[in-house]
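Here is a sequence together with a model predicted from it:
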Amino acid sequence: MRYGRRSIRKTMGMNLVVDVGNSRGKAALFGEGGIVKRWTFGGTGTEEFDAIFCRYGRVARAVLSSTRGEDAALEALLRERSDYFLKFTNATPIPLQNAYATPQTLGSDRLAAAVGARELFPERNLLVVDFGTAVTCDIVTAGGCYLGGSISPGLSMRLRALADYTGRLPLLSAGECVAVCPDAGVPSSTATAMAAGTIEGIELEVRGRMERYAGEFAGLVTIFTGGDAPLFEKRFKNTIFANCELVLTGLNTLLDYNADRK
C-alpha cells in the first residue's frame, strides 16, 4: 500500500471513535491534541472502515457506540484492528454518577454527550442540547451527576410528521425551512407557516428549558451539539456554546477512562 509504514506509525497511539446514529454515522481519529481526522458515513460503514484501516493502519484503542442496535460486522472489524476495543452501552462505566431512573433505556449518545460536556466544562452545571433526529435537553450537575432531561422530535421529524399526517402539507427539507423562516411578523404562506412552527417551535422550546433550568442550577452553561445545531446557534447568539463534536469527544473520554481502568 502507498500509505505504508509512515501512516501506521502515526496511528499506533491514536484512538478511533465511532458513533452510529439514527440518521448517519460519524468517526474520528483522536491524537493527543484532539481530532486528527473525521469522517461521516451512511449504512453500517464497514466498507468505509476497511478503507480507513488500509490507509491509517492499526489503532491503539477503538470504541463503538450505536443507537441503531447491534452491528456485528463493524464490531468484529474494530475488535480485530485495535489493541483495545470498547463497545459503549448504557451499562458501561462512566466518569459520572448516573441518576437516570431507567438507565436500561437511556441512549448511549446522550450519556456520551454528557461526558463530553463535563470534559470541556468541569465542575459546572451544564445543559446539553442535542439537535439531532430528536432534540434532547440534558442536565449534568457541577458535582458530576447526570440527571436526565427531555426528548422531543427533531426538525426533520417534525417536518416529516406534518407531511405524513396531513392531506396537503408539503414535505419541506431542513434547508428549505431555514431559507423561508420569517425573522419577524406573522407567517403569510404555507411554507413560512410550517417553517415558523417547526424552527421557532424548537427555539422557543429550548429557550423555555434554558430559562427553567437557569433558575434551578446556578451558573448554568448551555452547550449545543448535533447535526442541526448550526441552524439554531445563531438564534441564541452569545448565550450558548456550540460543539458539534461533543458526542465524539465524550466517547473518546470514555474510551480512555475504561481502558485505563484495566
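That came through, no problem. Numbers count the residues shown, from 1 in each chain.

pLDDT wise, what is C145 at?
pLDDT, C145: 98.

so what's it bridging to?
Each beta-bridge partner of C145 is listed here, defined by DSSP bridges: Q97.

what residues are up against it?
96-99 (Cβ atoms under 8 Å, 6 or more residues apart in numbering). The C-beta positions use only the backbone N, C-alpha and C, and glycine is treated the same way.

following the worst-scoring helix or strand of the chain on mean pLDDT, which helix or strand shows up next?
When the helices and strands of the chain are scored by mean pLDDT, DSSP states H and E, helix 4-11 comes last with a mean of 38. Once the chain leaves helix 4-11, the next helix or strand it forms, by DSSP states H and E, is strand 15-20.

could you dump that following strand to PDB, C-alpha only?
Output of strand 15-20 as PDB, limited to C-alpha atoms (Å, rounded to 0.1, in the frame of the first residue of the first chain):
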ATOM      1  CA  ASN A  15      -7.900   6.300  19.400                       C
ATOM      2  CA  LEU A  16     -10.600   5.500  16.800                       C
ATOM      3  CA  VAL A  17     -14.100   6.700  17.900                       C
ATOM      4  CA  VAL A  18     -17.200   5.500  16.100                       C
ATOM      5  CA  ASP A  19     -20.700   6.900  16.700                       C
ATOM      6  CA  VAL A  20     -23.500   5.200  14.700                       C
END
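
Adjust the sequence numbering to begin at 502 for everything that follows.
Renumbered: residue one is now 502, and that last one reads strand 516-521.

pLDDT averaged over that strand, what's the number?
If you average the pLDDT over strand 516-521, you get 93.

which residues touch whichever helix or strand comes after it?
Once strand 516-521 ends, the next helix or strand along the chain (criterion: DSSP H and E) is strand 526-532. Strand 526-532 is touched from outside by 512, 514-520, 536-546, 549-550, 553, 557, 560, 746, 748-749, 753, with contacts defined as Cβ under 8 Å, 6+ apart.

for the next helix or strand after strand 526-532, packing partners?
Going down the chain from strand 526-532, the next helix or strand is strand 535-542, by DSSP H and E. For strand 535-542, the elements it packs on are strand 526-532, helix 547-557, judged by 3 or more Cβ pairs under 8 Å, 6 or more residues apart in numbering; DSSP states H and E.
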